[in-house]
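Asker: what follows is a protein structure lacking sequence information:
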């Protein structure tokens, strides 16, 4: 049972290195209301699910033989299940999962997928984007592309002071204060394509 406003994410795998690595990536999600727990056994998972209802379970599909995601989804309605891949698995065996992440993906891609999954479960998932004006969205895209304030001002035919004001308003509205956080926001809200960002 959930008694707080935190997003609870369980990372389930027998490998301590893999669990810790995924937990480390999750810590970089630009939000301070995420609680992560690492689970290394079927018994530990069963005990955890008896006491808690996580928002997201990131699990190796071959965890302790084969993870019965369909059964767990039936037992935990509302919980999203993410397949943690580091071996080749036939796509039809992953159809019951809500998303997939691979340990070969870069941190920003994994974070973007998890944020999209978390926000997809909330009614106000698009609220942040809707609060930005079209000009602010254009500035977010420019920031993500690594442009300086002067370059943004020249491109959009506005003053540097106006750019700075817009950036301050964007940070205030979204509560995001870093370029990395804005990059994740832009990917999740489809202002930029993750492949365009990765190629820079």
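Answerer: Looks like it came in fine. Just so it is clear, the model here is predicted, and its values are computed rather than measured.
Asker: lowest-confidence helix or strand of this protein?
Answerer: Taking mean pLDDT, DSSP states H and E as the measure, the helix or strand of the chain with the lowest value is helix 127-131, at a mean of 51.
Asker: what's the first helix or strand after that one?
Answerer: Helices and strands here follow DSSP states H and E; after helix 127-131, the next one along the chain is helix 134-144.
Asker: distance from that next one to the middle of the chain?
Answerer: The chain centre lies 20 Å from the centre of helix 134-144; the measure is C-alpha atoms, centre = their mean, to the nearest Å.
Asker: which residues touch the helix or strand just after that helix?
Answerer: Going down the chain from helix 134-144, the next helix or strand is helix 149-156, by DSSP H and E. Applying C-beta atoms under 8 Å, 6 or more residues apart in numbering, the set of residues contacting helix 149-156 from outside is 135, 138-139, 142-143, 147, 159-160, 162-164, 167. Backbone N, C-alpha and C define where each C-beta goes, glycine included.
Asker: what about burial for those residues, which qualify?
Answerer: Buried members of the contacts of helix 149-156, counted by 16 or more other C-beta atoms under 10 Å: 138-139, 142-143, 147, 162-163, 167.
Asker: what is the mean pLDDT for stretch 63-78?
Answerer: Taken as a whole, stretch 63-78 has an average pLDDT of 89.
Asker: who touches it?
Answerer: Contacts of stretch 63-78 with the rest of the structure, by C-beta under 8 Å, 6+ apart, involve 12-14, 41-42, 49, 53-55, 57, 59-61, 79, 81, 83, 96-97, 121.
Asker: closest to residue 36 out of the contacts of helix 149-156?
Answerer: Residue 36 lies nearest to residue 143 out of the contacts of helix 149-156, by C-beta to C-beta, at 28.1 Å.
Asker: surely the closest one and residue 179 touch.
Answerer: Yes: contact between residue 143 and residue 179 holds when scored by C-beta atoms under 8 Å: they sit 6.0 Å apart.
Asker: confidence-wise, which of the buried ones among the contacts of helix 149-156 comes last?
Answerer: Summarising pLDDT for the buried ones among the contacts of helix 149-156: the lowest-scoring member is residue 162, with 86.
Asker: follow-up on the earlier one: show me the contacts of stretch 63-78 that map onto strands.
Answerer: Members of those lying in strands (criterion: DSSP state E): 12, 57, 59, 81, 83.
Asker: check contacts around residue 104.
Answerer: Residue 104 is in contact with residue 86, counting by C-beta under 8 Å, 6+ apart.
Asker: tell me which element it falls in.
Answerer: Counting by DSSP H and E, no helix or strand carries residue 104.
Asker: for residue 8, same thing?
Answerer: When the helices and strands are read off by DSSP H and E, the one containing residue 8 is strand 7-12.
Asker: and that strand, what's its mean pLDDT?
Answerer: 94.
Asker: can you list the buried residues in the next helix or strand after that strand?
Answerer: As assigned by DSSP H and E, the chain's next helix or strand after strand 7-12 is helix 16-26. Of the residues in helix 16-26, those scored as buried under the neighbour-count criterion (16+ other C-beta under 10 Å) are 18-19, 21-22, 25-26.
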